[in-house]
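Peer 1: sequence-free structure coming up:
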């Protein structure tokens with residue numbers, strides 16, 4: 001006889017009538033791990049299930065309202081003797097849960113305020129003791145004055161009285177300070193609970209609660225019969241607000257599981273789902289040192305999580321991937337050629353209607369111990385098309401509107417093939433010299449686009465934006481401004497040369513001079529950035545003449561988009577206290593009947 005499969009066993013039990021159906025049994029689940037992507041998170045929860053032989057219906061409540069239903073997955077242990085038969089997500093109202101939570105907060109507030117009343121009583125008692133001491137002091141002063149005029153003073157009695165009063169006052173002052181400290185701590189607890197109440201119950205309920213509570217306190221203090229007739233409407237409004245729907249607060253999702261178990265047993269059930277309203281991005285500290293010829297790169301994660309559920313003591317990992325809800329291969333549009341319709345000038349509007357050409361751009365969507373215990377380090381692993389960063393210790397990240405910064409890794413790049421310091425200047429725009437660093441990403445992580453704080457010799461210089469930088473790619477970083485190096489671009493002369501021209505052409509000449517000065521006592525390598533005009537029409541001729549220094553023009557430079565836009569680079573090795581000049585003429589020739597834009 002062939003061995004029966006598990007499915008056949010289930011069918012046999014159903015037919016024989018031995019299947020045991022159970023009422024839905026609630027199960028508690030806790031978040032154990034989170035994988036955070038750059039646009040959402042994958043949450044993993046674990047629940048301990050006590051299963052009976054046969055079919056079991058298990059309900060896991062308290063899941064966030066905004067999870068993606070399609071992403072929910074459930075897993076039983078590999079060697080579990082049974083099978084997950086069905087898994088269903090549904091949305092439920094939270095009216096009763098909300099009411100219960102509000103009642104719990106109100107009960108805690110009542111207990112804290114009662115404790116505060118006890119502190120108030122203690123302060124009143126201390127005040128009464130102070131009044132008694134004041135009366136003793138006044139009596140002693142009066143009796144001492146009499147003794148000084150009628151008989152020998154009893155100094156021993158005075159001394160013991162003064163000692164008694166001094167010790168008592170000291171004890172009272174100490175007790176008062178202690179009570180005030182406890183009341184300050186208590187006030188923080190009350191303030192937090194009142195804030196939680198306003199967030200959960202809403203402003204209408206919270207406003208009514210505070211007014212009713214204030215009335216209770218005033219009536220109780222007045223020692224008269226308590227009256228609340230004028231607050232009946234507010235009480236009714238508060239009760240109504242408990243049942244009014246509030247998006248994101250008053251609903252949650254729950255998971256209904258149907259599990260077949262061959263025996264009475266316990267099993268660990270794993271549940272995972274994707275959830276929006278959370279992401280992470282990289283942040284950096286770039287700490288440069290010319291003295292050490294190095295740059296320390298400290299990488300942080302800036303985490304935003306407003307999912308509605310707190311991640312308490314979870315295993316947290318970060319992925320550089322951005323999973324998509326839909327992956328579609330782009331359609332290739334047809335390429336049609338046709339005769340363009342020419343439009344004439346409109347007499348009514350006095351304007352020329354012309355075609356415009358648009359260029360498409362690609363969118364880029366700390367602890368030491370005496371025995372020197374090893375310091376926990378984040379682990380970086382490759383996950384196919386992305387990198388995953390796992391924190392070495394469990395993390396707690398509350399759901400809030402604030403970004404939460406976490407340390408990831410620190411790397412040091414030494415001067416050489418991976419680091420080069422230089423100065424860069426743009427004389428036509430600024431006289432300042434910018435200290436730059438050409439840094440190669442020789443780390444194990446791609447640098448995601450993010451903000452970097454820049455430090456030079458441990459002095460904060462400012463912030464820069466880091467673009468996406470793959471591993472082994474290079475980036476130029478601005479480290480700061482050096483006032484000891486200055487530059488200037490000057491238009492020395494502009495004139496129109498009519499000699500030697502034929503026909504109706506015009507020839508305009510611009511003579512420029514760039515001056516760079518190094519006033520320091522050390523040599524500087526300076527890259528000067530300049531721009532020359534670029535003709536976008538064959539009828540406009542542009543030449544550069546009388547160049548005193550040739551710009552960089554190797555094959556790689558000429559292939560760059562900057563070169564095509566007229567950007568030119570000059571590299572100057574400046575001796576201490578030296579001055580250098582770069583001069584050239586820009587010669588522009590065009591038909592005199594043409595109206596040329598861009599002329600200066």
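Peer 2: In hand now; what should we look at? Computed from a predicted model, the values in this text were never measured in an experiment.
Peer 1: going forward, measure contacts between C-alpha atoms and count neighbours the same way
Peer 2: Will do.
Peer 1: how many neighbours does residue 393 have?
Peer 2: By the criterion of other CA atoms under 10 Å, residue 393 has 12 neighbours.
Peer 1: residue contacts, it?
Peer 2: Applying CA atoms under 8 Å, 6 or more residues apart in numbering to residue 393 gives the contacts 315, 376.
Peer 1: quick check: which ranges of the stretch 1-150 of the chain have low pLDDT?
Peer 2: Scanning the stretch 1-150 of the chain for pLDDT under 70 picks out the ranges 1-22, 93-97, 148-150.
Peer 1: quick check: bridge partners of residue 542?
Peer 2: Beta bridges link residue 542 to residue 588 when assigned by DSSP bridges.
Peer 1: could you do residue 414 as well?
Peer 2: Applying DSSP bridges to residue 414 gives these bridge partners: residue 294.
Peer 1: burial measure for it, as a count.
Peer 2: 16.
Peer 1: what of the one 4 residues further on?
Peer 2: Residue neighbour count, defined by other CA under 10 Å, stands at 17 for residue 418.
Peer 1: chain neighbours aside, what residue packs nearest to it?
Peer 2: Nearest residue to residue 418, sequence neighbours excluded (CA to CA, 6 or more residues apart in numbering): residue 440, at 4.8 Å.
Peer 1: against which helices or strands is the lengthiest helix in the chain packed?
Peer 2: If you go by DSSP state H, the chain has its longest helix at helix 95-150. In terms of contacts (3 or more CA pairs under 8 Å, 6 or more residues apart in numbering; DSSP states H and E), helix 95-150 is packed against helix 155-201, helix 232-243.
Peer 1: gap between residue 449 and residue 165?
Peer 2: From residue 449 across to residue 165, the span is 70 Å (CA to CA, to the nearest Å).
Peer 1: more crowded one of the two?
Peer 2: residue 165 (18 against 14).
Peer 1: excluding chain neighbours, what is closest to the more buried one?
Peer 2: That would be residue 133: by CA to CA, 6+ apart, it lies 6.4 Å from residue 165.
Peer 1: how much space between that neighbour and residue 119?
Peer 2: Taken as CA to CA, the span from residue 133 to residue 119 is 21 Å.
Peer 1: just residue 288 next, same as before
Peer 2: From residue 288 to residue 119 the distance is 55 Å (CA to CA).
Peer 1: quick one, which of those two is more surrounded?
Peer 2: Just comparing residue 288 and residue 119: by other CA under 10 Å the higher neighbour count belongs to residue 288, 24 against 17.
Peer 1: and this structure, what are its domains?
Peer 2: Under the assignment automatic domain parsing, the domains of the chain span 6-33+44-94+251-275, 99-201, 278-322+376-420+438-473, 485-591.
Peer 1: nearest approach to residue 431 belongs to which of these?
Peer 2: domain 485-591 (4.7 Å; CA to CA).
Peer 1: between the two ends of that closest one, how far is it?
Peer 2: Start-to-end, domain 485-591 (CA to CA) is 42 Å.
Peer 1: now that domain: mean pLDDT?
Peer 2: Across domain 485-591, the average pLDDT comes to 89.
Peer 1: ok, for the most centrally placed residue in the chain, nearest residue in space, not its chain neighbours?
Peer 2: Residue closest to the average C-alpha location in the chain (CA atoms, centre = their mean): residue 403, at 3.3 Å. Once flanking residues are discounted, residue 403 sits nearest to residue 304: 4.8 Å by CA to CA, 6+ apart.
Peer 1: contact partners of the helix or strand containing the one you found?
Peer 2: Residue 304 belongs to strand 294-305 when elements are defined using DSSP states H and E. Outside of strand 294-305, the residues within contact range by CA under 8 Å, 6+ apart are 277-289, 397-415, 419.
Peer 1: gap between that strand and the chain center?
Peer 2: On the basis of CA atoms, centre = their mean, to the nearest Å, strand 294-305 sits 11 Å off its chain's mean C-alpha point.
Peer 1: pLDDT (mean, whole number) over that strand?
Peer 2: 94.
Peer 1: skip ahead from it and say which helix or strand is next.
Peer 2: strand 311-319.
Peer 1: adjacent strands (with direction) for the helix or strand following that next one?
Peer 2: The C-terminal neighbour of strand 311-319 among helices and strands, as given by DSSP H and E, is strand 379-383. Next to strand 379-383 in the sheet, as set by DSSP bridges, lie strand 386-390 (antiparallel).
Peer 1: wait, doesn't residue 271 sit right on residue 74?
Peer 2: Yes. The criterion here is CA atoms under 8 Å, and residue 271 meets it with residue 74 at 4.6 Å.
Peer 1: who's more crowded, these two?
Peer 2: residue 271 (20 against 17).
Peer 1: tell me what that one is bridged to.
Peer 2: Under the criterion used (DSSP bridges), residue 271 bridges to residue 45, residue 74.
Peer 1: residue 283 too?
Peer 2: Bridge pairing for residue 283 - DSSP bridges - gives residue 300, residue 451.
Peer 1: that one and residue 447: what is the separation?
Peer 2: Residue 283 is 9 Å from residue 447, by CA to CA.
Peer 1: more crowded one of these two?
Peer 2: residue 283 (24 against 21).
Peer 1: contacting residues around the more buried one?
Peer 2: 299, 300, 301, 302, 450, 451, 452.
Peer 1: grab the nearest non-local neighbour of the first one.
Peer 2: To tie it back to what came earlier, the one meant is residue 299. residue 284 is the one closest to residue 299 (CA to CA, 6+ apart), at 4.8 Å.
Peer 1: could you list every residue that touches the one you found?
Peer 2: 297, 298, 299, 300, 450, 451, 452, 453.
Peer 1: would JSON lines of those residues with distance to residue 35 and neighbour count be doable?
Peer 2: Listed next are the contacts of residue 284 as JSON lines, based on distance: CA to CA, whole Å; neighbours: other CA atoms under 10 Å:
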{"residue": "297", "distance to residue 35": "24", "neighbour count": "20"}
{"residue": "298", "distance to residue 35": "22", "neighbour count": "18"}
{"residue": "299", "distance to residue 35": "18", "neighbour count": "20"}
{"residue": "300", "distance to residue 35": "16", "neighbour count": "19"}
{"residue": "450", "distance to residue 35": "20", "neighbour count": "16"}
{"residue": "451", "distance to residue 35": "23", "neighbour count": "16"}
{"residue": "452", "distance to residue 35": "24", "neighbour count": "21"}
{"residue": "453", "distance to residue 35": "27", "neighbour count": "17"}
